[in-house]
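> fold the following, please.
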Amino acid sequence: MENTENSEKNYGRKSYSQLGEDVFIEQRLRKRVGGLYLDIGAYHPFKYSNTELLRTALGWKGINIDASFQAIDAFNLNRDGDINICAAVGDKVKNGIYYEFEDSALNTTNETVGEKRRRRQKLIAANPIQLNPVPKILNDNQLECRDIELLNLDISGSEFDVLVGMDWSKMRPKIIAVSNENLKLKNVIQNRIYLFLSALGYNLVGHLLITSVFEWEA
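Next up, the predicted model:
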């Protein structure tokens, strides 16, 4: 008879994230069932996803935004119940450049990051694109954001700009997970994302190498 008590499948934890962020987020949300997320720079419905675990394990749904048509096609095929929007996000309406690389995880609208990456990575295209702030994108699609409980943000270098362009009077997610590679824990008070979100009442509750997780308590 198989000894199921000692079977590996009884102890493993499923994670879709790059560094286990989704498991950490799930615990911070105390396994809340049926919540809503807003995923900006969503990239892929499964690979490196910080929202898929919430969707499959706890019945969450939400809004996925990405500048890549291919990414949004993948979300449309694999995320029943989600709203998927192809758009480039910034702090305000302005023109930018969308850098697309052979490794699409490196795609960015941040010119500094894009020019740096093209020296080391294979660039597929660099095309003009219009950037819009999140409130405009949601309004153009007739969407409300008051009930968003998780904001996930990863757009390769322009995360601070997106945060500045949000309308914080209309949304206050319980958890914000943001790509924040420049954060150094010994000098956290010098990090502008930390300073901005702290001023809004958010506490830094975790940092997983490249992702900072903030929590707001009413």
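
> what packs against the longest helix seen in the chain?
Using DSSP state H to define each element, the chain has its longest helix at helix 69-78. Helix 69-78 makes packing contacts with strand 61-66, strand 83-86 when contacts are defined by 3 or more C-beta pairs under 8 Å, 6 or more residues apart in numbering; DSSP states H and E. In short, each C-beta sits where N, CA and C put it, glycine included.

> show me what the first one is packed against.
In other words, strand 61-66. Using 3+ C-beta pairs under 8 Å, 6+ apart as the test, strand 61-66 ends up in contact with strand 36-40, helix 69-78, strand 83-86, helix 134-140.

> what is the mean pLDDT for the shortest one?
Pointing back at strand 83-86 there. Here strand 83-86 scores 98 as its mean pLDDT.

> then the second one?
Taken as a whole, helix 69-78 carries a mean pLDDT of 97.

> cool, and stretch 40-47?
On average, stretch 40-47 scores 97.

> in that stretch, what's buried?
By neighbour count on 16 or more other C-beta atoms under 10 Å, the buried set for stretch 40-47 is 40-45.

> and the end-to-end length of that stretch?
For stretch 40-47, the first-to-last residue distance is 15 Å (C-alpha to C-alpha, to the nearest Å).

> same question for stretch 86-95.
16 Å.

> where exactly do the helices run in the chain?
Under DSSP H, the chain gives helices at 21-28, 52-58, 69-78, 111-117, 134-140, 159-164, 192-199.

> go ahead and confirm residue 137 touches residue 86.
No - using C-beta atoms under 8 Å, residue 137 is not in contact with residue 86, being 10.1 Å away.

> which residues are in contact with both of these two?
Residues touching both residue 137 and residue 86 (C-beta atoms under 8 Å, 6 or more residues apart in numbering) are residue 65.

> let me know whether residue 177 touches residue 153 as I believe.
Yes - with contacts counted by C-beta under 8 Å, residue 177 reaches residue 153, the gap being 7.1 Å.

> neighbours around residue 129, how many?
16 (other C-beta atoms under 10 Å).

> what does stretch 23-36 contact?
With C-beta under 8 Å, 6+ apart, stretch 23-36 has contacts from 13, 15, 17, 50, 53-54, 57-63, 147-150, 174-175, 177, 205-206, 208, 213, 215.

> so where's the protein uncertain?
Low-confidence segments of the chain, defined by pLDDT under 70: 1-12, 218.

> how about the longest strand along the chain: buried residues?
Longest strand in the chain by number of residues (criterion: DSSP state E): strand 123-132. Residues of strand 123-132 classed as buried: 123, 129, 131-132 (neighbour count, 16+ other C-beta under 10 Å).

> give the partner strands of that strand in its sheet and their orientations.
strand 88-89 (parallel), strand 94-101 (antiparallel) (DSSP bridges).
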